[in-house]
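>>> how would this look folded up:
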Amino acid sequence: MYTYYLTIVLAPLAAAVVAGLFGYKIGRAGAHWVTIVGVGVSCLLSMLVLYNMFWGGAPAENISVYTWAVTDGLRMEVGFLVDRLTALMMCVVTFVSLMVHIYTIGYMHEDPGYQRFFSYISLFTFSMLMLVMSNNFLQLFFGWEAVGLVSYLLIGFWFKRESAIFANLKAFLVNRVGDFGFILGISGVVMFTGSLDYATVFAGAEGIAAQNIEVFSGTPWNAMTLVCILLFIGAMGKSAQAPLHVWLPDSMEGPTPISALIHAATMVTAGIFMVARMSPLFELSTTALAVVIVIGAVTAFFMGMLGIVQNDIKRVIAYSTLSQLGYMTVALGASAYSAAIFHLMTHAFFKALLFLAAGSVIIAMHHEQDIRKMGGVRKYMPITYWTALVGSLALIGFPGSSGFFSKDLLIEAVKESHWHGQGAVYWIAYLSVLLGVFVTALYSFRLFFLVFHGEERMDAETKSHLHETPLVVTVPLILLAIPSAVIGWFTAGPVLFENYFGASIYVDSAHDVLTHIGETVWHGSLGLFTHAVLTPVFWLAAAGAFTAWYLYLKRPDIPETIKRRVSGLYNLLDRKYYFDDLYIKGFAAGGRSLGQFLWQKGDQLVIDGMMVNGTARSVGRLAGVMRHIQTGYLYTYAFAMIIGLTILLGWLIWFR
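Below is the predicted model:
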């Protein structure tokens, strides 16, 4: 299996190098074939690893590939930890990436950066695989920063657009904030355990939890709480949790295939995976878990609200991603790590499907993205319509879809998770994710109805050329629609209630809510499906979809009336709670003003004016005075020597 693991990681890297360095020689076809084959090999081998783990009973493997450096007893290695959590993530990443690679042939076929794009997305896949397969914090951090770097390149892929440059810089800077906390958390792990290896750190977790550290003098903090919160700050940046969420909607400036890859299977899932991997640490700090669940609840509800007022087809789906990431984070805070990873898996399929379906519409509409200029697309694009419907139903948790199983059971887990002394926090989180169901259905079907139903609002020229996209685009849609529709039926029980993850995820017995649900609520996939109409989740989703139908198809005049009557709320949502104003006009402008002040008053006035130029001027003035003493006459110098000698002798006689 060692050879398999190396091949899984290195095949996309080798393909990225070939497409990137030799793309001009191998041409467009060569670039897409080499990367598709590379990622396809990784996908097949990942599925084989998952098969051996789940059905073949193969044990988890912790392998050291090579030692990079040893300093003061601290070993820095490259290695693989391949267990059931890793195997699941490997399959999700490589399968979605493979679909995106195939889809890109159709979406980017006219783009001059064709070979460069394929090189980037293959490199993105390699980076994410290095992250999820790592067995130590050093390699985790390498993969963490690598996905950040490649996302920067892909968001700004169309680098001649000012908006794209702004967006990738925004993503880069916001993630630097999260990554600063992340590296501090890793430093804390090393300080308390003296190791970067997962196994060693997890074995010493009790020792970390037993120690205190004074961040501020006289105020002791539990060491585990501090380490976990710092690690979670990193997850807040990568997985776009409030208030570090502002970069993700702007990532829509990149081509649609990369939007699908970032939002579904790579960068934004890294934070969720990391917290689940670190469950042996987080389980020892209820304070850190409370922080996680609060941040997740805020993100799930309030970021979903923003999707209601967006008119860009990709931005609506982007805010959906923010909200669903909040759901996963809430599950992590409730110690339902398996539920979070299960929703991550199902979300990867239907969110990639929705983004690629949106891209199909954008292609057909000649790159028009405003949903107010669409409508009635259903009869022109039947395959895109039906696959988008499958994705939308999965997103809102329609009974029987993959999202139904993952979201319903996640919400049930949050409902049952209330610890002593922290019940209020968990009830607030439960209400947030419950109300988020209505919001999700409202913005999802607002998008669906405005794009595919109702009157045709596109111009005559666009309508005359409107037709279904080619097979290279629609085949990935169909292949993603299949797991979006049915995968929950077969995986919900094993993943959540039959100990699929085993030792990959640790949950304290006092927090093990999924075991409790498995014993009291779970009666199989069919049982959950037949009782779906009895749950508030179903009725809230139905109410959201019905509201969208009534407001945007039956009475389209009402939304404009509501907008006028509650203009304050609309402006609050339209301005995204003023986060961009705070960051751009507050922090960024304040930073520029401070830099300008330091430049003018500090550098130009003090350093240049007083120290550098001032010293030069002082020396010049002194030299101007001293040069008048130099007369060139011998008797002047003899007189000066006599005066000096007299003073010296007088000083010796006087103080003798």
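>>> For the strand ranked longest in the chain, which strands pair with it and how are they oriented?
Taking DSSP state E as the assignment, the strand of the chain that covers the most residues is strand 61-71. According to DSSP bridges, strand 61-71 forms sheet pairs with strand 74-82 (antiparallel).
>>> what distance separates the longest strand of the chain from the centre of its chain?
Distance of strand 61-71 from the chain centroid (C-alpha atoms, centre = their mean, to the nearest Å) equals 27 Å.
>>> swap in stretch 57-70?
Distance of stretch 57-70 from the chain centroid (C-alpha atoms, centre = their mean) equals 27 Å.
>>> number of nearby residues for Leu332?
Leu332: 29 surrounding residues under other C-beta atoms under 10 Å. (C-beta placed from N, C-alpha, C; glycine too.)
>>> For the most centrally placed residue in the chain, pull up the helix or strand it's in.
Geometric centre of the chain, nearest residue: Val268, 2.5 Å, by C-alpha atoms, centre = their mean. Assigned by DSSP states H and E, Val268 belongs to helix 267-277.
>>> what angle do that helix and strand 74-82 make?
Between helix 267-277 and strand 74-82, the angle comes out at 100 degrees (axes from the mean of the first three to the mean of the last three C-alpha atoms, to 10 degrees).
>>> what's helix 267-277 packed up against?
Judged by 3 or more C-beta pairs under 8 Å, 6 or more residues apart in numbering; DSSP states H and E, helix 267-277 is in contact with helix 84-107, helix 114-133, helix 137-155, helix 223-238, helix 313-333, helix 337-364.
>>> Export that helix to CSV, keeping only CA atoms.
C-alpha atoms of helix 267-277 as CSV (Å, rounded to 0.1, in the frame of the first residue of the first chain):
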residue,chain,number,x,y,z
MET,A,267,-9.8,24.6,0.6
VAL,A,268,-13.0,25.2,2.7
THR,A,269,-13.2,21.6,3.9
ALA,A,270,-9.6,21.7,5.2
GLY,A,271,-10.7,23.5,8.5
ILE,A,272,-13.5,21.0,9.1
PHE,A,273,-11.3,18.1,8.5
MET,A,274,-8.5,19.5,10.7
VAL,A,275,-10.8,20.0,13.7
ALA,A,276,-12.2,16.4,13.3
ARG,A,277,-8.6,15.1,13.1
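>>> packing partners for the helix or strand following that helix?
Next in sequence after helix 267-277, counting helices and strands by DSSP H and E, comes helix 279-282. With contacts defined as 3+ C-beta pairs under 8 Å, 6+ apart, helix 279-282 has these neighbours: helix 198-203, helix 205-209, helix 223-238, helix 286-306.
>>> which of the ones you listed is buried the deepest?
helix 223-238 (a mean of 25; mean count of other C-beta atoms under 10 Å).
>>> got the CA coordinates for it in PDB?
C-alpha atoms of helix 223-238 as PDB (Å, rounded to 0.1, in the frame of the first residue of the first chain):
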ATOM      1  CA  ALA A 223      -3.200  25.200  27.900                       C
ATOM      2  CA  MET A 224      -5.500  22.900  26.000                       C
ATOM      3  CA  THR A 225      -8.200  25.500  25.600                       C
ATOM      4  CA  LEU A 226      -5.600  28.000  24.300                       C
ATOM      5  CA  VAL A 227      -4.100  25.500  21.800                       C
ATOM      6  CA  CYS A 228      -7.500  24.400  20.500                       C
ATOM      7  CA  ILE A 229      -8.800  28.000  20.100                       C
ATOM      8  CA  LEU A 230      -5.700  29.000  18.200                       C
ATOM      9  CA  LEU A 231      -6.000  25.900  15.900                       C
ATOM     10  CA  PHE A 232      -9.600  26.700  15.400                       C
ATOM     11  CA  ILE A 233      -8.700  30.300  14.300                       C
ATOM     12  CA  GLY A 234      -6.900  28.700  11.500                       C
ATOM     13  CA  ALA A 235     -10.000  26.700  10.600                       C
ATOM     14  CA  MET A 236     -12.100  29.900  10.700                       C
ATOM     15  CA  GLY A 237      -9.900  31.300   8.000                       C
ATOM     16  CA  LYS A 238      -9.700  28.300   5.700                       C
END
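>>> How far off centre is that helix?
On C-alpha atoms, centre = their mean, the centre of helix 223-238 falls 15 Å from the chain's centre.
>>> what angle separates it from helix 137-155?
In terms of direction (the same axes, to 10 degrees), helix 223-238 departs from helix 137-155 by 20 degrees.
>>> and the angle from helix 223-238 to helix 114-133?
160 degrees.
>>> which other helices and strands contact helix 223-238?
When contacts are defined as 3+ C-beta pairs under 8 Å, 6+ apart, helix 223-238 packs onto helix 137-155, helix 162-193, helix 205-209, strand 212-216, helix 267-277, helix 279-282, helix 286-306.
>>> Could you give me the buried positions within the second one?
If I follow you right, that is helix 162-193. Buried residues in helix 162-193, counting neighbours by 16 or more other C-beta atoms under 10 Å, are found at 164, 167-168, 170-172, 174-175, 177-179, 181-186, 188-189, 192-193.
>>> could you turn the lowest-mean-pLDDT helix or strand in the chain into CSV, dropping everything but the C-alphas?
Least confident helix or strand, the chain: helix 589-597 with a mean of 78, by mean pLDDT, DSSP states H and E. C-alpha atoms of helix 589-597 as CSV (Å, rounded to 0.1, in the frame of the first residue of the first chain):
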residue,chain,number,x,y,z
ALA,A,589,-7.7,52.3,5.4
GLY,A,590,-6.5,52.6,9.0
GLY,A,591,-3.4,50.6,8.2
ARG,A,592,-2.7,52.8,5.2
SER,A,593,-3.2,56.0,7.2
LEU,A,594,-0.9,54.7,10.0
GLY,A,595,1.7,53.7,7.4
GLN,A,596,1.5,57.1,5.8
PHE,A,597,1.8,58.8,9.1
